[in-house]
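> sequence? don't have it. structure:
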């Protein structure tokens, strides 16, 4: 009897990406393979300009690979879709819409009735800790609050996968630590498969179920680490520091 293989939530097979400019080829990704499971918190960690954002754009369907196959939940990624939510470092909120307007935007575009979509949006606004700011415009919100709106907006489409490209990179250190804790709390409450990009090693170890270390450009997988530390995690815990030291050695080799 033939046994069927378990289906990964994300499956990238031999993915290449080359950009062409004035007949010059810039190979950013070469032979990239990646799998992620349902509800896994996966962190992609690597040096700046190594191709992390390109991977997120490929997973989001905003760009197409030069070669290879990308699948999400068993379906080949050919274009953007509501099953994949994206949060970038620069939160592209609509400045003319309130918090409620931004969060409900996706369901509104998909034709969900107003009462239903606003109830759903209110749930996620409450979840990210912005109750009372439903009628606030982005200009009046802090950087951390804008990121909360971005996370709520992505969740409101109820995607199977959340793609997060250095979402806390532009925040000050104190707000960044706060948002890391908030993200873990939200993820534990509303489980999704998360692909989180960072070049901050402490952040990677603090958040991840598994860390994929990337090579410098053209990028591919250098190493993988399963992070079995219980949550909430402590930056000064001996096991945390041990894992950080172990990954640091691989980073030095990579760079």
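Right, received. Where do you want to start? Because the structure is predicted, anything quoted here is derived from the model rather than measured.
> so for this structure, the centremost residue is which one?
residue 164 (2.2 Å; Cα atoms, centre = their mean).
> that residue pairs with what?
Per DSSP bridges, the residues bridged to residue 164 are residue 87, residue 196.
> separation between it and residue 32?
Plainly put, residue 164 is 18 Å away from residue 32 if you go by Cβ to Cβ, to the nearest Å. For every residue, glycine as well, the C-beta is placed using N, CA and C.
> okay, the residue nearest to the centre of the chain and residue 81: tell me how far apart.
As judged by Cβ to Cβ, residue 164 and residue 81 stand 17 Å apart.
> try residue 94
To residue 81, residue 94 is 20 Å away according to Cβ to Cβ.
> of those two, who's got more company?
More crowded of residue 94 and residue 81, by other Cβ atoms under 10 Å: residue 81, with 17 against 12.
> I'd say the more buried one and residue 62 touch.
No - using Cβ atoms under 8 Å, residue 81 is not in contact with residue 62; the gap is 10.9 Å.
> all strands for the stretch 151-255 of the chain, in order.
Along the stretch 151-255 of the chain, counting by DSSP state E, counting those that start in this stretch, strands occupy 161-165, 193-198, 210-214, 221-226.
> between those strands, which gets nearest to residue 114?
Residue 114 lies closest to strand 161-165 among the strands of the stretch 151-255 of the chain, at 25.2 Å (Cβ to Cβ).
> who does the closest one touch, helix- and strand-wise?
Contact here means 3 or more Cβ pairs under 8 Å, 6 or more residues apart in numbering; DSSP states H and E; on that basis strand 161-165 packs against helix 52-60, strand 84-88, strand 193-198.
> which of the ones you listed comes out lowest on mean pLDDT?
Among the helices and strands packed on strand 161-165, strand 84-88 carries the lowest mean pLDDT, a mean of 91.
> past that strand, which element shows up next along the chain?
As assigned by DSSP states H and E, the chain's next helix or strand after strand 84-88 is helix 99-103.
> which outside residues touch that following helix?
Contacts to helix 99-103, defined as Cβ atoms under 8 Å, 6 or more residues apart in numbering, come from residues 93-94, 118, 121-122, 124-125, 130, 133-138, 141, 149, 152-153, 156.
> before we move on, what about stretch 43-54?
17, 28-29, 55, 63, 165-166, 195-199, 201, 203-204, 207-208, 210-219, 222, 247, 251, 254-255.
> distance check, residue 149 against residue 205.
Taken as Cβ to Cβ, the span from residue 149 to residue 205 is 27 Å.
> same question for residue 249.
When residue 249 is compared with residue 205 (using Cβ to Cβ), they lie 14 Å apart.
> cool, residue 53 as well?
In terms of Cβ to Cβ, residue 53 sits 21 Å off from residue 205.
> these two: which is more packed in?
Shown here are residue 53 and residue 205; by other Cβ under 10 Å, residue 205 has more neighbours (25 against 17).
> the more buried one and residue 52, how far apart?
In terms of Cβ to Cβ, residue 205 sits 17 Å off from residue 52.
> can you mark which positions in stretch 155-174 are buried?
155-157, 159-168, 171 (16 or more other Cβ atoms under 10 Å).
> which members of those residues are the farthest-apart pair?
Between all members of the buried residues of stretch 155-174, the farthest pair (by Cβ to Cβ) comes out as 160 and 171, at 26.7 Å.
> among the contacts of stretch 43-54, name the buried ones.
Buried, going by 16+ other Cβ under 10 Å: 17, 28-29, 55, 165-166, 195-199, 201, 203-204, 207-208, 210-215, 217-219, 222, 247, 251, 254, out of the contacts of stretch 43-54.
> ok, and what's touching stretch 167-178?
87-91, 142-144, 147, 150-151, 179-180, 183, 196, 198-200, 203.
> what about that stretch, start to end distance?
With Cα to Cα, to the nearest Å as the measure, stretch 167-178 spans 13 Å from end to end.
> for it, the averaged confidence score.
The model assigns stretch 167-178 a mean pLDDT of 89.
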